[in-house]
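1. need the 3D shape of this:
(one chain, ligands or ions: 1)
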Amino acid sequence: MSLILIVLIGVLSFSACQEKTEPLSITFIINGDIEEYAVVDIANFESVTFEDYDKTQLEGYRLSNIFDSIKTLSDQNWLMITSKDKISARIEYDSIHLVYIVIDEGKLNIKAPEHPRLVGVKDIKDITVISKKEIDSGLKIIDDDTLNISYGTVKLMLYEQTAENYSKGNVAYKHTPRDDVKVMDLTQKEQNIIYLDNKDIIKDKNDGFLVWEEGLLCYKKDNKLYKGVFGIVAGLDTVLFDAYYDMKDALKQDKVMFILVDGFSYQQAEYYHEDLQLLNTGYILVASVHPAISNVALASMLTGVSPYENGIVKREVKPPKVGDIFEYALSQGKKVKYIEGNSTLITTSIQPILNAPDIDGFTDANVFNSARTALEDELDLIFIHFHGIDDINHEYSPISTQAKAKILEIENYIIELKEAFNGTVIILSDHGSITYSDSDNKPKGKHGYFEKEDMIVPYYIFE
Ligand SMILES: [Zn+2]
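-> Prediction:
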């Protein structure tokens, strides 16, 4: 919803630039550390009369009235008022009852007679609430831990303070955009993976910049603007969808067995290191997609592109917008099979071979048997999906005796399949699992929340 409004405003201001006779939009954006990004139409508010610096009477809109409906995430804030040409003034949030918006030639200008003159920003674009305290909301960064920086704080980082003035007991700071802030300045890592609100994923190799545009945190690279940065995985350069290209490359000279180990997290690979025989070595860490859920992740690894590009962005069974690895393999005259659990997760170009759960309620043993049988067919590509670890993680949490037993069971299947297969074996998980306590205080597992535990997974290639 918010994105649609932003696009609309973008279009409005663009057309306004082209044809000077068109009436200008009299909206602006309130964003930053608030509950919901807001597009404010000044026409919805009642004007008041106030005195300007020179005692002339003006008509305007008290900023504090406009902010009555805005819920801030913190009780101590700055307010940053930014013009269309990005010149900004920052004041104390608590002083906004002294600030007015006036309409002048179709533009929204600030009048603040009790503040230093630099607060008189002309042609405002957005007003950003900046929490003075750390808050539990904002841009999510996955590094050694999962942390977040409030969007207000990030905006402030993207601007340079160029003046500090006082008037009648009120302070104001002038800020101008820096346009030279790299992702590395936030993460201290040369490689980063950028996640956007629209579910696109961009790799940053210290070659792009963070900027504030259209009231949103954006990433800019090669003159392309990616709007709405939602999260960053720091220090990694591989995403699930890279597996598509690894399968493709391997298929050029070899037979390929791809084993998808649903829900197996990097944390489990580390925690059960001593108990594992195969899955404890030779892996790299890769980033999942967001949301880190099975069908979205599966679509990404089968198509080689982000959820935004393949169109599978939530839990629904449909065909991706781009071709999958099976389609490619078949086009190369390869012999292909896809072994699934008991249901299809997305619509693939070939029908998966489905496997019912056995008496213990899991499909893994049947998936294994099905894969063993399929291998007798001298396949070029076999894609095998084991679901049990994810099911167990949900029920008992990823660090539990039940999870350990399931991981070792599936590892045994993998070892046996790998021994029976003469070719490249690729093993990848789709997402991990976050431990939480349910209402009975029992440990459970969940995923899809953009935390380190659900976003980072191990990736193995045995050639
Ligand atoms: Zn899954």
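2. CA atoms for contacts and neighbours, from now on please.
-> OK.
3. residue contacts, the one residue in the chain that gets nearest to the ion?
-> Per C-alpha to the ion, Ser294 is where the chain lies closest to the ion, at 3.4 Å. Shown in contact with Ser294 (C-alpha atoms under 8 Å, 6 or more residues apart in numbering): 262, 345, 430-431.
4. can you give me the strands for the stretch 51-200 of the chain?
-> Taking DSSP state E, counting those that start in this stretch to define them, one finds strands in the stretch 51-200 of the chain at 57-62, 77-83, 88-92, 100-104, 107-111, 124-131, 139-142, 146-149, 159-167, 170-177, 192-196.
5. residues in contact with the fourth one?
-> The set of residues that contact strand 100-104 without belonging to it, under C-alpha under 8 Å, 6+ apart, is 59-63, 108-112.
6. next one: stretch 406-420
-> By C-alpha under 8 Å, 6+ apart, stretch 406-420 touches 259, 264, 275-279, 364, 368, 371-372, 375, 386, 388-389, 392, 425.
7. now that stretch: buried residues?
-> 406-408, 410-414, 417-418 (16 or more other C-alpha atoms under 10 Å).
8. which ones among those lie within helices?
-> 406-408, 410-414, 417-418 (DSSP state H).
9. export the residues you listed to JSON lines and tack on distance to Asp440 and pLDDT?
-> Listed next are those as JSON lines, based on distance: C-alpha to C-alpha, whole Å; pLDDT from 0 to 100:
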{"residue": "Lys406", "distance to Asp440": "24", "pLDDT": "97"}
{"residue": "Ile407", "distance to Asp440": "26", "pLDDT": "97"}
{"residue": "Leu408", "distance to Asp440": "28", "pLDDT": "97"}
{"residue": "Ile410", "distance to Asp440": "29", "pLDDT": "97"}
{"residue": "Glu411", "distance to Asp440": "31", "pLDDT": "97"}
{"residue": "Asn412", "distance to Asp440": "33", "pLDDT": "97"}
{"residue": "Tyr413", "distance to Asp440": "34", "pLDDT": "97"}
{"residue": "Ile414", "distance to Asp440": "35", "pLDDT": "97"}
{"residue": "Leu417", "distance to Asp440": "40", "pLDDT": "97"}
{"residue": "Lys418", "distance to Asp440": "41", "pLDDT": "96"}
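10. would you turn those residues into JSON lines with distance to Tyr93?
-> Output for these, formatted as JSON lines (distance: C-alpha to C-alpha, whole Å):
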{"residue": "Lys406", "distance to Tyr93": "54"}
{"residue": "Ile407", "distance to Tyr93": "53"}
{"residue": "Leu408", "distance to Tyr93": "56"}
{"residue": "Ile410", "distance to Tyr93": "56"}
{"residue": "Glu411", "distance to Tyr93": "57"}
{"residue": "Asn412", "distance to Tyr93": "61"}
{"residue": "Tyr413", "distance to Tyr93": "61"}
{"residue": "Ile414", "distance to Tyr93": "59"}
{"residue": "Leu417", "distance to Tyr93": "63"}
{"residue": "Lys418", "distance to Tyr93": "62"}
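11. dump those into TSV; add distance to the ion as well.
-> Below are these laid out as TSV (distance: C-alpha to the ion, whole Å):
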residue	distance to the ion
Lys406	15
Ile407	14
Leu408	18
Ile410	15
Glu411	17
Asn412	20
Tyr413	18
Ile414	17
Leu417	21
Lys418	22
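12. and stretch 131-138, what's buried?
-> Those buried within stretch 131-138 under the rule 16+ other C-alpha under 10 Å are 131, 138.
13. just the terminal-to-terminal distance for that stretch.
-> 11 Å (C-alpha to C-alpha, to the nearest Å).
14. please apply the same query to stretch 284-294.
-> End residues of stretch 284-294 are separated by 20 Å (C-alpha to C-alpha).
15. next: stretch 269-277.
-> End-to-end for stretch 269-277, by C-alpha to C-alpha: 11 Å.
16. what segments of the stretch 301-450 of the chain are strands?
-> Under DSSP E, counting those that start in this stretch, the stretch 301-450 of the chain gives strands at 336-339, 381-386, 424-428, 434-437, 443-446.
17. single out the most deeply packed of these.
-> strand 381-386 (a mean of 24; mean count of other C-alpha atoms under 10 Å).
18. partners of that strand in the sheet?
-> When pairing is defined by DSSP bridges, strand 381-386 lines up against strand 256-261 (parallel), strand 336-339 (parallel).
19. can you show me the CA trace of the last one as CSV?
-> I take that to be strand 336-339. Output of strand 336-339 as CSV, limited to C-alpha atoms (Å, rounded to 0.1, in the frame of the first residue of the first chain):
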residue,chain,number,x,y,z
VAL,A,336,15.8,-35.6,-15.2
LYS,A,337,13.8,-36.6,-12.1
TYR,A,338,12.4,-34.7,-9.1
ILE,A,339,11.7,-36.6,-5.9
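20. that strand: how far from the chain's middle?
-> Per C-alpha atoms, centre = their mean, to the nearest Å, the displacement of strand 336-339 from the mean C-alpha position of its chain is 31 Å.
21. rewinding a little: quick one: buried ones out of the contacts of stretch 406-420?
-> Buried among those (16+ other C-alpha under 10 Å): 259, 264, 276, 279, 364, 368, 371-372, 375, 386, 388-389, 392, 425.
22. out of the residues you listed, list just those in helices.
-> Using DSSP H, the buried ones among the contacts of stretch 406-420 in helices are 364, 368, 371-372, 375, 388-389, 392.
23. which ones, among those residues, also lie beside the ion?
-> Among those, not one lies near the ion by C-alpha under 5 Å from the ion.
24. coming back round to it: mean pLDDT lowest where, among the strands of the stretch 51-200 of the chain?
-> Looking at the strands of the stretch 51-200 of the chain, the lowest mean pLDDT belongs to strand 146-149 (a mean of 91).
25. next, the buried residues of that one.
-> 147-149.
26. the ion contacts on the stretch 151-300 of the chain?
-> 262, 294.
27. could you list the low-pLDDT ranges of the stretch 151-300 of the chain?
-> Within the stretch 151-300 of the chain, the set of residues satisfying pLDDT under 70 is empty.
28. could you do the stretch 1-150 of the chain as well?
-> 1-25.
29. please enumerate the helices of it.
-> 2-18, 63-66 (DSSP state H, counting those that start in this stretch).
30. since that was my last question, I'll sign off now.
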